[in-house]
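Visitor: Take a look and give me a structure for this.
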Amino acid sequence: MEAERPPVNVPENLRRGVALFNAGEFWEAHEAWEDIWQADSSEERIFWQGLIQVAAAFHHLGNRNWNGMRTLLRRAEEKLVKFLPTREGVDVERLLREVRPWREELERERPELPGGLAVPRL
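Guide: Model (predicted):
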């Protein structure tokens, strides 16, 4: 028998994930938002998954996994565009505007990273 999970405090996990993301702790942000994603059964679940994918993509920046980063950014954009302009206090429009140049650079035959691109902030 599976143990019952405690309820997820969405505002707290969201704030914690944003703070971790902005501090460059991308994997930890991913984990904070994943708790929300796993507990959510609504359409909002796609929003959480998009945030998780952005965080995981920037985690890949640290190990220079350009293919993984590109794939995750593409998938995140496809999900998050449905939640423009904002959702849960996150400026989705700005996030996508800051993510797009990364994805575009990664889609070049020979990407020149991290050259001059700022890591998005929430």
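Visitor: For the helix or strand hosting Leu96, buried residues please.
Guide: Using DSSP states H and E, Leu96 sits within helix 92-106. For helix 92-106, the neighbour count (16 or more other CB atoms under 10 Å) marks 92, 95-96, 98-99, 102-103, 105-106 as buried. Backbone N, C-alpha and C define where each C-beta goes, glycine included.
Visitor: One more: stretch 21-29?
Guide: 21, 25-26, 28-29.
Visitor: What mean pLDDT does it get?
Guide: In this model, stretch 21-29 has a mean pLDDT of 96.
Visitor: Pull the residues that contact it.
Guide: 17-18, 20, 51, 55-56, 58-59, 61-62, 119, 121-122 (CB atoms under 8 Å, 6 or more residues apart in numbering).
Visitor: Same question for stretch 64-74.
Guide: Residues contacting stretch 64-74 (CB under 8 Å, 6+ apart): 53-54, 56-58, 60-61, 99, 102-103, 106-107, 111, 113.
Visitor: Nearest to Arg75 among those residues?
Guide: Gln53 (5.3 Å; CB to CB).
Visitor: All the helices of the protein, residue numbers only.
Guide: 10-22, 26-39, 44-62, 66-80, 92-106 (DSSP state H).
Visitor: just those helices: most buried one?
Guide: helix 44-62 (a mean of 21; mean count of other CB atoms under 10 Å).
Visitor: Quick one: distance of that one to the chain centre.
Guide: Offset of helix 44-62 from its chain centre (CA atoms, centre = their mean, to the nearest Å): 3 Å.
Visitor: what's the farthest-apart pair in the contacts of stretch 21-29?
Guide: Val18 and Gly62, at 19.1 Å, using CB to CB across these.
Visitor: For the helix holding Leu96, name the packing helices and strands.
Guide: On a contact count with 3 or more CB pairs under 8 Å, 6 or more residues apart in numbering; DSSP states H and E, helix 92-106 meets helix 44-62, helix 66-80.
Visitor: export these to JSON lines and tack on mean pLDDT and distance to Ile36?
Guide: Output for the helices and strands packed on helix 92-106, formatted as JSON lines (pLDDT from 0 to 100; distance: least, CB to CB, whole Å):
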{"stretch": "helix 44-62", "mean pLDDT": "95", "distance to Ile36": "5"}
{"stretch": "helix 66-80", "mean pLDDT": "96", "distance to Ile36": "14"}
